[in-house]
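Colleague: I would like to see how this sequence folds:
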Amino acid sequence: MEYGLDEKMTIREAVTAGYPDPVRYYFGYWSRVMISRNVGVHGHKIYLNPLEGLVRVTIIGLIVAGFGSVRKPSKEVLLLAVIALAYTLTLFVYNYDMQLSYAFKGFAIQGRYIFPVISCFLILIAYVLESLRPKALQIAAIAYVVLLSAAAGPLQIICYYRIFFTNWF
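Modeller: Sure thing, here's the model as predicted:
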């Protein structure tokens, strides 16, 4: 192989060589890259959103709220969560395996491969928001998620389109 190793590293060898273990890789690199590396004509450009930290905290908050407020989810909701998590886990394992093969040189699939399950995650977020009580908390949480989604997405592109679309190809 031109860029890869002759023999794929084991996790133990990777950690000994100073590369991240799967947990550090997930939280320190993979989750950030999957969110930011999904733009460009080939999905090869990186867009570092200044609100990324706030988005991550919001996602963690929604997960915690989901465990706290959803009492008995339906079979469909559970299956949707299983599908979304299984697909995401498959992508993560594939990427980590690629990193072991290429000595963490960055060869892996881009964030656009998470697109097939984005709708699953959006439905789960709506389900969690709908289950929040009291009603005032539910309305505040929905307003916050809508405003954050607008600020972290379309408004960023409108405000920074000259920076965002340079070198698109």
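Colleague: From now on I want contacts and neighbour counts done on CA atoms only, so please keep to that.
Modeller: Will do.
Colleague: Now do the helices in the protein.
Modeller: Along the chain, the segments classed as helices by DSSP state H run 11-16, 22-25, 31-36, 52-69, 75-101, 118-131, 135-152, 154-159, 161-164.
Colleague: which helices and strands sit right next to the first one?
Modeller: Just to be clear, that refers to helix 11-16. Taking 3 or more CA pairs under 8 Å, 6 or more residues apart in numbering; DSSP states H and E as contact, there are no helices or strands that helix 11-16 lies on.
Colleague: buried sites along that helix?
Modeller: 11, 14 (16 or more other CA atoms under 10 Å).
Colleague: Name the residues that touch that helix?
Modeller: Applying CA atoms under 8 Å, 6 or more residues apart in numbering, the contact partners of helix 11-16 are 20-21, 100, 103.
Colleague: Equivalent analysis for the third one, please.
Modeller: Contacts made with helix 31-36 from outside it, assessed by CA under 8 Å, 6+ apart, are listed as 46-49, 110-112, 114.
Colleague: now swap in stretch 57-64 and tell me
Modeller: Contact with stretch 57-64 is made by 125, 128-129, 145, as judged by CA under 8 Å, 6+ apart.
Colleague: Identify the residues contacting Leu148.
Modeller: Leu148 makes contact with Val55 under the criterion CA under 8 Å, 6+ apart.
Colleague: measure it to Ala141 for me?
Modeller: Going from Leu148 to Ala141 by CA to CA, to the nearest Å gives 10 Å.
Colleague: where does this structure dip in pLDDT?
Modeller: Along the chain, the model assigns pLDDT under 70 to residues 1-2, 38-45, 164-169.
Colleague: Can you tell me which of the contacts of stretch 57-64 is nearest Val70?
Modeller: Val70 lies nearest to Val128 out of the contacts of stretch 57-64, by CA to CA, at 6.7 Å.
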